[in-house]
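Engineer: Turn this into a model:
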Amino acid sequence: MIFDGHNDALSRLWCQGGDPVANFAADEGHINQPAARAGGFGGGFFALYSPQQRKRFEFAGFKGATMPLATPLDQAPALQSVMAQIGIAQRLEAAGALTLCTDAGQIEAVMDAGGMAALLHLEGAECIDPELLVLDALHALGLRSLGPVWSRPTIWGDGVPFDAGRDGDTGPGLTADGRRLVARCAELGMVVDTSHLTMKGFWDIAEMGLPLVATHSNAYALAPVTRNLTASQLRAIGQTGGMAGLNFATVFLSAEGWTTGRATIDDCLRQLDAMIEGAGEDHVGLGSDFDGAPLPDGMRSCADMPALVAAMRKHGFGDALVDKITRGNWLTFLHRTLR
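Structural biologist: Numbering: from 1, shown residues only. Down below sits the predicted model:
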């Protein structure tokens, strides 16, 4: 059973509208019940993401053009969409489609029983008030992971635009409020995610002594885009006991993928090699970005995860390393981090 560091299934279902239980039971989107059964998808970080409008963020037609930072989003609509997505997760749990988990032991138990374990993650903290009261409320509802920003500015800090030919050093780091937010997450024993955050923000979190985590980011050396990690960032992730999750998005897998929108499973393997070389084999997992990204050739949904696993083995990854990447490293990290 595979545990994954990032997906956008809840925001897909919210943007789709209608009955989320019926929609999740249908073979549509990247993550759904039949695809998960076929591919051995046992769970992961389920993101709560607030779009500017009630429609999915798409890379459709994207061929290497710069996508500037999105405009800021007010707290009220962000909170509305986040609460609706939590409601969808709760309906799916009531229907037996998944189980909401708040610690690694629960995740392991659900996966070992053949179920789907969902750890709630907030991708961009626009819904949280400066007093951090909403953060405590969301934590009580099961939130255990948070990225202070998506690719737009917030009161907490700046995200990176989608661009190539430069790294994530695109703007300022955490604000004073952002540092308070991260500190409160640390007090609550939550994961703090640096994906989408500027490089300065990444190093701000490092200075605060937290394990560095990039749930869905790749190696900049192979795909020089703002969303990817430099060698020094990967090294710091390993040194702090953090995690980096392989993003399946074609535009983040290779330089060619950025300009063509196409990539292959071999590009995923090259990225894994680079990420393991940088962070170490105990600090790399999967961070697919299912339901939020264009997938490599040969991968239509999570039903096709066995093809990636088979390619890992053919590439020379032994069973122990495959287990670490597909499940073990994330669970070991969550055992250390969540409380």
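Engineer: In the chain, mark out all the strands, start to finish.
Structural biologist: 2-7, 41-49, 99-100, 117-123, 143-147, 191-192, 213-214, 243-246, 284-286 (DSSP state E).
Engineer: Quick one: list the elements packing against the helix ranked longest in the chain.
Structural biologist: In terms of residue count, the longest helix belonging to the chain (DSSP state H) is helix 75-94. Applying 3 or more Cβ pairs under 8 Å, 6 or more residues apart in numbering; DSSP states H and E, we find helix 75-94 packed against helix 9-16, helix 20-25, strand 41-49, strand 99-100, strand 117-123, helix 133-140. Bear in mind the C-beta positions are built from the backbone N, C-alpha and C, glycine included.
Engineer: pLDDT averaged over the first one, what's the number?
Structural biologist: The pLDDT scores in helix 9-16 average 97.
Engineer: Next, the angle from that helix to helix 75-94.
Structural biologist: Between helix 9-16 and helix 75-94, the angle comes out at 110 degrees (axes from the mean of the first three to the mean of the last three Cα atoms, to 10 degrees).
Engineer: And the fifth one, by the same measure?
Structural biologist: Interaxial angle of strand 117-123 relative to helix 75-94 (the same axes, to 10 degrees): 170 degrees.
Engineer: thinking again about what came up before, among the helices and strands packed on helix 75-94, which comes closest to L253?
Structural biologist: Ranking the helices and strands packed on helix 75-94 by proximity to L253 (Cβ to Cβ) places strand 41-49 first, at 19.0 Å.
Engineer: lowest average confidence, helix or strand, in this structure?
Structural biologist: helix 255-260 (a mean of 93; mean pLDDT, DSSP states H and E).
Engineer: Contacts only, for the residue lying closest to P211 once chain neighbours are set aside.
Structural biologist: Leaving out its chain neighbours, the residue that sits closest to P211 by Cβ to Cβ, 6 or more residues apart in numbering is G242, at 4.0 Å. By Cβ atoms under 8 Å, 6 or more residues apart in numbering, G242 lies in contact with 211-214, 236, 279, 283, 333.
Engineer: Could you pull up phi and psi at the residue nearest to D177 when sequence neighbours are not counted?
Structural biologist: Leaving aside its sequence neighbours, D177 sits nearest to I155 (Cβ to Cβ, 6+ apart; 5.1 Å). Main-chain torsions, I155, degrees, to the nearest 10: phi -70, psi -10.
Engineer: Could you count how many residues lie near E131?
Structural biologist: 9 (other Cβ atoms under 10 Å).
Engineer: Please apply the same query to A186.
Structural biologist: Neighbours of A186 (other Cβ under 10 Å): 17.
Engineer: okay but it is in contact with I205, surely?
Structural biologist: No. Checked against Cβ atoms under 8 Å, the pair A186 and I205 is beyond contact range at 9.6 Å.
Engineer: Give me the common contacts of the two.
Structural biologist: V192.
Engineer: circling back: can I get the least confident helix or strand of the chain in PDB, CA atoms only?
Structural biologist: Below are the C-alpha coordinates for helix 255-260, written out as PDB (Å, rounded to 0.1, in the frame of the first residue of the first chain):
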ATOM      1  CA  ALA A 255      13.400  21.100 -18.500                       C
ATOM      2  CA  GLU A 256      11.700  19.600 -21.500                       C
ATOM      3  CA  GLY A 257       8.600  18.900 -19.500                       C
ATOM      4  CA  TRP A 258       8.300  22.600 -18.700                       C
ATOM      5  CA  THR A 259       8.200  23.600 -22.300                       C
ATOM      6  CA  THR A 260       6.200  20.700 -23.800                       C
END
